[in-house]
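Peer 1: A predicted structure for the sequence below; I have some questions about it.
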Amino acid sequence: MPAYNAAKTLVTTYQEIPLDIVDEVLLVDDASTDNTKEVATRLNIHLIVHTQNKGYGGNQKTCYEAALAANADIVIMLHPDYQYTPKLIGAMAYLLNSGEFDVVLGSRILGGKALSGGMPYYKYVSNRALTFFQNVLMGAKLSEYHTGYRAYTREVLETISWKKNSDDFIFDNQFLSQAIFAKFRIGEITCPTKYFKEASSINFSRSVKYGLGCLKTAILFRLHKLGLYKSVLFG
């Protein structure tokens, strides 16, 4: 769990994690200014604390390094802000364990309830537009590229060059693009989502920056694929 100021929602999120199938819960506190660290300690969660904020992508890098060091075979990223339900962890793990998929995404779009779940309309429209553009350029058929609910096999984390990715929000999109480039098998399941005051969400200006970053990543993917430009992301 990549965490930043998640004290108000961490307990609720943790209580829904199916601990009968989860071997270890790992939380990386990205220099929160609230008492996330204290709440995680009280829950006896394996805790790593950044003394300086490293950003969303930088937080995930620490998460994955720690998961690999713990010999995890399946790694599921769950946001501790309770925007995504932990109840789907079992289904995501099962799909990976079946051997049919290498990556599983919790899609907010598949179920058709993103807007009723509170997703801002401008985010919904931009999500659909960016996803269409990326599917065309990368030759994929995903329902969305922008979910924060993801599961990976160990092989994926050991294969792609995610350490070269941005420390900002675009990390997720770069990671997924790398997985597609490496021809990993990607599955999606319907995932209801909740938008509320305590749930983390980037503002409009950062959303624009993120969107432009997604377009850039897709273009780099295509150029690298065609041999017209060598990108470090896909090298």
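Peer 2: That came through, no problem. Being a predicted model, the structure only gives us computed values, none of them experimental.
Peer 1: got a list of what the spatially most central residue of the chain touches?
Peer 2: Geometric centre of the chain, nearest residue: residue 148, 3.4 Å, by C-alpha atoms, centre = their mean. Applying C-beta atoms under 8 Å, 6 or more residues apart in numbering to residue 148 gives the contacts 77, 79, 83-84, 172. Just so you know, the C-beta spots here come from the backbone N, C-alpha and C atoms, and that holds for glycine as well.
Peer 1: and it, what's its pLDDT?
Peer 2: pLDDT, residue 148: 94.
Peer 1: what about it, distance to residue 18?
Peer 2: Going from residue 148 to residue 18 by C-beta to C-beta, to the nearest Å gives 19 Å.
Peer 1: before we move on, back to that, among the contacts of residue 148, which lie within strands?
Peer 2: Taking DSSP state E, the ones among these that sit in strands are residue 77.
Peer 1: want to throw the contacts of residue 148 into JSON lines with distance to residue 184, neighbour count and pLDDT?
Peer 2: Shown next, in JSON lines, are the contacts of residue 148 (distance: C-beta to C-beta, whole Å; neighbours: other C-beta atoms under 10 Å; pLDDT from 0 to 100):
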{"residue": "77", "distance to residue 184": "16", "neighbour count": "20", "pLDDT": "98"}
{"residue": "79", "distance to residue 184": "22", "neighbour count": "20", "pLDDT": "97"}
{"residue": "83", "distance to residue 184": "25", "neighbour count": "25", "pLDDT": "92"}
{"residue": "84", "distance to residue 184": "21", "neighbour count": "24", "pLDDT": "94"}
{"residue": "172", "distance to residue 184": "15", "neighbour count": "22", "pLDDT": "97"}
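Peer 1: of the contacts of residue 148, which is the nearest to residue 116?
Peer 2: Closest approach to residue 116 among the contacts of residue 148 (C-beta to C-beta): residue 83, at 14.6 Å.
Peer 1: pretty sure the closest one sits against residue 194.
Peer 2: Yes. In this structure residue 83 lies within contact range of residue 194 using C-beta atoms under 8 Å: 5.6 Å.
Peer 1: so where's this protein uncertain?
Peer 2: Scanning the chain for pLDDT under 70 picks out 196-201.
Peer 1: now do the contacts for residue 190.
Peer 2: 106-107, 110-111.
Peer 1: select only the buried ones of those residues in ChimeraX?
Peer 2: Listed next is the ChimeraX selection for buried residues among the contacts of residue 190, using 16 or more other C-beta atoms under 10 Å:
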select :106,107,110
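Peer 1: closest to residue 156 among the contacts of residue 190?
Peer 2: Taking C-beta to C-beta as the measure, residue 156 lies nearest residue 106 of the contacts of residue 190, at 15.9 Å.
Peer 1: how far away is residue 48 from residue 100?
Peer 2: From residue 48 across to residue 100, the span is 32 Å (C-beta to C-beta).
Peer 1: please name the bridge partners of the closest residue to residue 191 other than its chain neighbours.
Peer 2: Leaving aside its chain neighbours, residue 191 sits nearest to residue 106 (3.3 Å; criterion: C-beta to C-beta, 6 or more residues apart in numbering). Taking DSSP bridges as the rule, residue 106 bridges to residue 189.
Peer 1: would you agree residue 106 is in contact with residue 88?
Peer 2: Yes. In this structure residue 106 lies within contact range of residue 88 using C-beta under 8 Å: 5.8 Å.
Peer 1: list the buried residues in the lengthiest helix in the chain.
Peer 2: The residue-count maximum for a helix in the chain (DSSP state H) belongs to helix 204-226. Neighbour-count burial for helix 204-226, counted by 16+ other C-beta under 10 Å, picks out 207, 210-211, 213-214, 217-218, 220-222, 224.
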